[in-house]
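Trainee: no FASTA, just this:
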């Protein structure tokens with residue numbers, strides 16, 4: 001993607017930052033650092049960078065090229081392609097350096113657009129005559145008036161300059177003669193306007209003589225004798241009628257004058273016509289429309305706008321996504337795009353198709369003899385980097401024979417190049433340790449199981465310099481196939497063997513451990529079990545609950561969450577990977593039932609209140625551990641009908657504990673679509689465990705809310721849908737990347753959580769609640785058994 005660097009120049013206080021905000025449709029005023037956005041100009045994406053400079057930052061010599069500062073804010077100043085020259089109509093000093101700067105820009109062959117800011121002030125109160133300034137600055141491509149209430153004027157000014165720069169790059173020869181004539185006419189016009197016959201001569205020590213004469217543009221200051229800008233100006237375009245819309249007339253009062261239309265007109269391309277309406281489109285922005293100001297009612301807006309957008313094609317093609325995948329990473333959004341694309345591309349493409357597209361681009365770059373060696377190497381490294389991350393993160397995509405054979409051939413080829421040998425070694429490790437059985441259940445696109453292997457002759461023809469074997473690539477350590485860091489917990493020797501360590505490195509390790517955490521329902525709930533639970537520290541129980549949730553959460557691959565919301569119940573049974581998601585959902589329900597049963601274990605309200613208070617404190621510990629899934633499960637048990645109705649029990653819980661618990665209820669409440677939780681989730685530090693049921697519901701809404709393929713022929717990809725899915729999945733990916741550092745396995749707490757024998761039917765639990773605390777508030781019948789509901793569970 002080609003980059004365009006534009007410098008916004010003006011005196012201090014003219015409003016450069018606010019101009020950039022309106023021109024780039026930013027939600028807030030940008031920082032002094034350069035601002036970069038992806039902008040489409042005539043359906044071609046460009047990386048446009050705007051940075052501001054005060055005139056005092058560099059010396060301007062009107063007889064020489066402009067000398068830019070070498071650094072800006074500690075960073076190297078990029079090469080400037082165009083200039084937006086700003087002045088304040090309410091500040092007389094903002095145009096003092098304007099003539100010298102324009103002459104230097106003309107000498108530097110840099111196109112410039114003149115912009116008057118703060119034009120929302122009445123004309124009578126302005127200190128500068130914008131018409132006179134426009135007449136004196138014929139070297140500019142165009143002049144515009146901007147104001148706060150018309151932000152589209154700033155965007156139109158930027159689009160005018162961008163179009164001129166793009167046209168200049170596309171056909172520089174056709175513009176060379178026009179540019180030379182314009183510079184000559186502009187220089188002569190500046191000299192005639194800014195140096196009258198009676199003005200003092202320009203010498204080495206009086207370089208600002210033009211600036212002194214330019215003060216006649218200020219209201220209230222008389223012009224020097226012989227100099228009258230209003231009477232002496234040459235015929236020109238009447239910009240006063242086009243500042244707000246960017247429309248330039250085709251004719252002049254006098255054909256001898258140069259106009260913006262004539263200066264930019266080339267065969268087949270007209271920048272001042274409405275057919276080139278789509279001048280830029282800033283992506284991922286909630287900016288307002290560029291066509292109309294907010295103060296114009298909807299019914300009064302006409303369709304006769306020179307910048308009216310043409311009909312845009314719905315969706316994007318697969319090749320466009322692949323090109324963006326291997327493009328330079330210029331911002332965080334580009335890195336996020338790589339993660340989202342690799343995770344979700346199986347919905348519209350097969351692994352073999354994607355791998356072939358990457359290989360074809362790699363070959364095309366290698367065979368291009370017109371590109372410099374360093375540029376070619378950088379492009380190759382970007383493609384190889386994508387392949388390395390793809391292989392390390394989703395090795396199952398290369399389980400099919402044909403795709404795996406292509407990858408082996410690529411690794412052998414890269415091993416012969418020293419600069420690519422490290423990447424080849426990483427992929428070699430994955431081939432040895434990481435490729436697992438292909439699991440294509442539920443994907444719309446999958447490689448055929450009958451794919452044949454690539455023929456040896458074809459492989460040798462494609463890569464003539466292949467080494468004889470891959471044995472030259474040493475494999476020293478097993479690969480860690482899980483993208484997150486490993487979990488390594490130590491044993492505490494002072495606990496009598498009740499705390500154990502564990503160390504996991506891959507999804508398979510977590511999956512094996514999670515399989516051992518299925519409830520067994522073997523230990524009956526008795527007074528003995530009650531006292532053991534009350535004597536166990538709250539921190540130990542919260543840590544063990546978090547450890548179990550973390551193991552189950554880490555055993556889930558992100559792709560499995562996506563497939564879980566789209567597969568039918570029959571397909572989920574066939575897909576082995578769905579067991580991990582189902583296991584965590586079942587554990588969530590188990591914790592809610594477990595909490596309810598433990599609270600209802602004892603008959604006396606004081607004992608139930610002690611248990612309820614303990615679980616409220618455990619919920620607070622889970623919140624401090626950022627275990628939102630465990631917290632929601634405990635809240636589900638406490639706020640369930642069977643426990644919530646126990647008014648006598650709740651009355652015995654300390655008020656301070658109930659207040660803290662009420663804050664947790666508000667945090668996980670459903671108000672405003674779980675607004676409080678979403679805000680806390682976004683701002684919680686790592687490590688953390690998400691509230692899986694809510695994120696799964698978000699995935700269902702995104703999956704069912706729009707189609708994957710759009711367009712008249714159904715061959716274009718609705719990438720907006722995948723951007724929404726990415727916003728849900730990226731925080732979960734990030735959470736899996738950082739494990740809890742100091743969690744240990746507590747055998748006692750684990751037995752209490754997983755092995756208690758208890759009823760799981762909601763009706764049985766509610767009947768127990770009615771038994772211990774009747775609706776009328778009467779006492780419990782002493783003749784009844786204390787634990788009658790276990791009899792049904794044991795049958």
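Mentor: Yep, it's here. Please read all numbers here as calculations on a predicted model, not as lab measurements.
Trainee: okay, now the unreliable bits of the stretch 1-150 of the chain?
Mentor: Within the stretch 1-150 of the chain, the stretches with pLDDT under 70 are 1, 58, 73-74.
Trainee: need the strands for it, in chain order.
Mentor: 3-10, 35-41, 44-54, 71-72, 75-76, 82-88, 112-117, 143-145 (DSSP state E, counting those that start in this stretch).
Trainee: and residue 555, which of these is closest to it?
Mentor: Relative to residue 555, the nearest member of the strands of the stretch 1-150 of the chain by C-beta to C-beta is strand 35-41, separated by 37.1 Å. Where C-beta positions appear, they are placed from N, C-alpha and C, glycine not excepted.
Trainee: sheet-wise, list the partners of that closest one with their directions.
Mentor: strand 44-54 (antiparallel) (DSSP bridges).
Trainee: please identify which helix or strand holds residue 595.
Mentor: helix 578-599 (DSSP states H and E).
Trainee: sort out which residues of that helix are buried, please.
Mentor: Neighbour-count burial for helix 578-599 flags 578-581, 583-584, 587-588, 590-599 (criterion: 16 or more other C-beta atoms under 10 Å).
Trainee: picking that back up, compare the strands of the stretch 1-150 of the chain and give me the one nearest residue 98.
Mentor: strand 82-88 (6.2 Å).
Trainee: adjacent strands (with direction) for the closest one?
Mentor: Strand 82-88 has the following strand partners under DSSP bridges: strand 3-10 (parallel), strand 112-117 (parallel).
Trainee: can I get those in JSON lines with mean neighbour count and distance to residue 165?
Mentor: Shown next, in JSON lines, are the strands paired with strand 82-88 (neighbours: other C-beta atoms under 10 Å; distance: least, C-beta to C-beta, whole Å):
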{"stretch": "strand 3-10", "mean neighbour count": "21", "distance to residue 165": "6"}
{"stretch": "strand 112-117", "mean neighbour count": "26", "distance to residue 165": "11"}
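Trainee: need these in JSON lines with distance to residue 321, can you?
Mentor: Shown next, in JSON lines, are the strands paired with strand 82-88 (distance: least, C-beta to C-beta, whole Å):
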{"stretch": "strand 3-10", "distance to residue 321": "21"}
{"stretch": "strand 112-117", "distance to residue 321": "34"}
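Trainee: what about those, which gets the closest to residue 700?
Mentor: Nearest of those (C-beta to C-beta): strand 3-10, 40.0 Å.
Trainee: where in the stretch 401-550 of the chain is pLDDT low?
Mentor: 434-505.
Trainee: quick one, helices of it?
Mentor: 401-415, 421-429, 456-462, 507-515, 527-535, 538-554 (DSSP state H, counting those that start in this stretch).
Trainee: for the stretch 651-795 of the chain, same thing?
Mentor: Using DSSP H, counting those that start in this stretch, helices in the stretch 651-795 of the chain cover 655-667, 675-683, 692-705, 719-736, 747-754, 762-772, 789-794.
Trainee: quick one: closest of the ones you listed to residue 548.
Mentor: Across the helices of the stretch 651-795 of the chain, closest to residue 548 is helix 747-754 (C-beta to C-beta), at 6.9 Å.
Trainee: run through who's touching the closest one.
Mentor: 497-500, 517-520, 523, 529, 532-533, 536, 540-541, 543-545, 548, 591, 594 (C-beta atoms under 8 Å, 6 or more residues apart in numbering).
Trainee: kindly recompute the last result at 10 Å.
Mentor: 495-500, 516-523, 529, 532-533, 535-537, 539-545, 547-548, 587, 590-591, 594, 598, 746 (C-beta atoms under 10 Å, 6 or more residues apart in numbering).
Trainee: buried set for it?
Mentor: Quick answer for helix 747-754 (16+ other C-beta under 10 Å): 748-754.
Trainee: now it and helix 538-554, what's the angle there?
Mentor: Here helix 747-754 runs at an angle of 60 degrees relative to helix 538-554 (axes from the mean of the first three to the mean of the last three C-alpha atoms, to 10 degrees).
Trainee: quick one: residue 597 from residue 632, how far?
Mentor: To residue 632, residue 597 is 18 Å away according to C-beta to C-beta, to the nearest Å.
Trainee: same check, this time on residue 359
Mentor: Counting by C-beta to C-beta, the gap from residue 359 to residue 632 is 46 Å.
Trainee: of these two, who's got more company?
Mentor: residue 632 (25 against 17; other C-beta atoms under 10 Å).
Trainee: what's the helix or strand for the more buried one?
Mentor: helix 628-638.
Trainee: same for that helix, what does it pack against?
Mentor: When contacts are defined as 3 or more C-beta pairs under 10 Å, 6 or more residues apart in numbering; DSSP states H and E, helix 628-638 sits against helix 538-554, helix 578-599, helix 605-624, helix 641-644, helix 655-667, helix 675-683, helix 692-705.
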